[in-house]
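[1] sharing a model prediction with you, sequence too.
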Amino acid sequence: MEDEFAFISNITPKRSYQKTLVRGIGDDAAVYSGTQNMDEVVCVDTMVEGVHFRRDTLSPFQIGKKGLAINISDLAAMGAVPTYYLVSIAVPAAWTEGELTDLYKGMDELAKKYQMDLIGGDTVSTKDALVLTVTAIGIVEKGRARFRDQARAGDRLFVTGYVGSSAAGLDLLFEKSLDGVFTEQEQSLVKAHQEPKPHIEEGRLLATSSKRIALNDVSDGVASEAHELAESSGVRIVIEAGALPIHEAMEKYSRQRQIDLALFGGEDFVLIGTAQEEDVKQLQVIFHKKGLRFQVIGFVEEGEPSVWLKEEGQLKKIEKHGYNHFQKRG
Ligand SMILES: Nc1ncnc2c1ncn2[C@@H]1O[C@H](COP(=O)(O)OP(=O)(O)OP(=O)(O)O)[C@@H](O)[C@H]1O
Ligand SMILES: Cc1ncc(C[n+]2csc(CCOP(=O)(O)O)c2C)c(N)n1
Ligand SMILES: [Mg+2]
Ligand SMILES: [Mg+2]
Ligand SMILES: [Mg+2]
């Protein structure tokens, strides 16, 4: 990059979607007005070169798109409607301005889909690895945000999409690299890793259609997210191995590997939650009508906060070893 200021000028949006925007990029901070009867929802997640992606696993466009997607996924897990985002980027010398422009195009594609305005950020240089930090903002009707602490004994555990696909796709990318040759089946796993689709529509249905729902998104793997629900809610969660929705492209993998990828792989960015049995029945109908996936994968019991896997009648305790930045993968 030659000039930080010319770069900022290039990535400044020429249009805005949100009516509440008062001042976007170009001042010391952005300003937007609150919306009556809505709560503001805000989250931030970071992607680091070498940790969350490599140059041979994601293209610059995909890095941008995924950097925004993982944040929209957290908004989805709260039941929110996305509105704004801010981008902080630390750029090493090896990255060209063209690549950075592509990275922003990736974010812009998704922003357009959800009518989100880019309203600010920060651009700095760094020595080795690119670091992309996105802050996403959304709104949700007052009292409707979906929390992790709402699971109760008797609830069913559900997910809103395939689990394990992203980790399977990453393994394929490690094996063959970005421009490797993939079968059509392999390509669907690779795509799940490179361009995860945030489940906003699902989150909105869960925020507006039912009563008490605990909700989280799958960034670190089903086991880790189930632990978060169990710990926040003070309950015991049982996952039924046979019910996990595994993509057909993983059929040729051993059963053990499929389950491992689903439980401990992560980055699927589907929603995982719990709801009362009678609400689950309604939700299944609503989701089905919209062509969306809603799969019951287990249940909630009273007991010490813990997660168990039920497989062929046997119960096995599963530890919280999803993806953990400061632990070796178990
Ligand atoms: N360094 C930090 N400083 C302050 N709060 C943090 C920090 N890291 C995480 N948190 C907060 O801790 C909570 C859990 O964060 P966490 O990142 O685990 O959730 P997540 O974004 O859903 O998961 P993931 O990062 O795997 O996508 C959130 O409320 C988050 O804002
Ligand atoms: C090159 C490369 N190596 C490993 C991985 C796997 N990975 C990285 S972070 C993460 C969990 C979510 O992170 P966070 O908790 O920060 O949201 C996972 C499963 C990857 N995507 N790319
Ligand atoms: Mg986070
Ligand atoms: Mg989350
Ligand atoms: Mg997250």
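    Noted; the coordinates are in hand. Ligands and ions are numbered 1, 2, ... in the order given.
[2] spatially nearest residue to Thr96 (excluding sequence neighbours)?
    Met1 (7.9 Å; Cβ to Cβ, 6 or more residues apart in numbering). Using the backbone N, CA and C atoms, a C-beta is placed for each residue, glycine as well.
[3] test my guess that that neighbour contacts Val91.
    Yes - in this structure, Met1 is within contact of Val91 by Cβ atoms under 8 Å, at 6.0 Å.
[4] who touches both of those two?
    Taking Cβ atoms under 8 Å, 6 or more residues apart in numbering as the contact rule, the neighbours common to Met1 and Val91 are Leu100, Ser125.
[5] tell me which of the two has more neighbours.
    Using other Cβ atoms under 10 Å, the more surrounded residue of Met1 and Val91 is Val91, with 22 against 15.
[6] list the contacts for that one?
    The contact partners of Val91, taken as Cβ under 8 Å, 6+ apart, are Met1, Leu100, Thr123, Val124, Ser125, Thr126, Leu130.
[7] does at least one residue of stretch 261-278 sit close to ligand 5?
    No - against ligand 5, stretch 261-278 shows no contacts by Cβ under 5 Å from the ion, the least distance being 8.4 Å.
[8] now check that stretch, is it near ligand 1?
    No - using Cβ under 6 Å from any ligand atom, stretch 261-278 stays clear of ligand 1, with a minimum separation of 7.6 Å.
[9] now do the buried residues in that stretch.
    Neighbour-count burial for stretch 261-278 flags 261-276 (criterion: 16 or more other Cβ atoms under 10 Å).
[10] so the closest residue to ligand 1 within the stretch 151-300 of the chain, which state does it fall into?
    Residue nearest to ligand 1 within the stretch 151-300 of the chain (Cβ to the nearest ligand atom): Ser219, separated by 3.2 Å. Three-state assignment for Ser219 (DSSP: H, G, I helix; E, B strand; the rest coil): coil.
[11] ok now the helix or strand of the chain with the lowest mean pLDDT, how far from the chain's centre?
    Least confident helix or strand of the chain, by mean pLDDT, DSSP states H and E, is helix 4-11 with a mean of 86. Distance of helix 4-11 from the chain centroid (Cα atoms, centre = their mean, to the nearest Å) equals 28 Å.
[12] ok so, going back, quick check: the gap between the residue nearest to Thr96 and ligand 2.
    Look at Met1 and ligand 2: by Cβ to the nearest ligand atom, to the nearest Å, they are 23 Å apart.
[13] export stretch 244-261 as PDB, just CAs?
    Written as PDB, here are the backbone C-alpha positions of stretch 244-261 (Å, rounded to 0.1, in the frame of the first residue of the first chain):
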ATOM      1  CA  LEU A 244     -25.900 -34.800  13.800                       C
ATOM      2  CA  PRO A 245     -26.600 -33.400  10.300                       C
ATOM      3  CA  ILE A 246     -23.500 -34.500   8.300                       C
ATOM      4  CA  HIS A 247     -23.200 -33.400   4.700                       C
ATOM      5  CA  GLU A 248     -23.500 -36.200   2.100                       C
ATOM      6  CA  ALA A 249     -20.000 -35.200   0.800                       C
ATOM      7  CA  MET A 250     -18.600 -36.700   4.100                       C
ATOM      8  CA  GLU A 251     -20.300 -40.100   3.500                       C
ATOM      9  CA  LYS A 252     -17.000 -41.700   2.600                       C
ATOM     10  CA  TYR A 253     -15.400 -40.700   5.900                       C
ATOM     11  CA  SER A 254     -15.500 -43.100   8.800                       C
ATOM     12  CA  ARG A 255     -18.300 -42.600  11.300                       C
ATOM     13  CA  GLN A 256     -15.800 -41.600  14.000                       C
ATOM     14  CA  ARG A 257     -14.200 -39.000  11.700                       C
ATOM     15  CA  GLN A 258     -17.600 -37.500  10.800                       C
ATOM     16  CA  ILE A 259     -18.500 -37.200  14.500                       C
ATOM     17  CA  ASP A 260     -15.100 -35.700  15.400                       C
ATOM     18  CA  LEU A 261     -15.300 -33.100  12.700                       C
END
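[14] I'm done for today, thanks for sticking with me.
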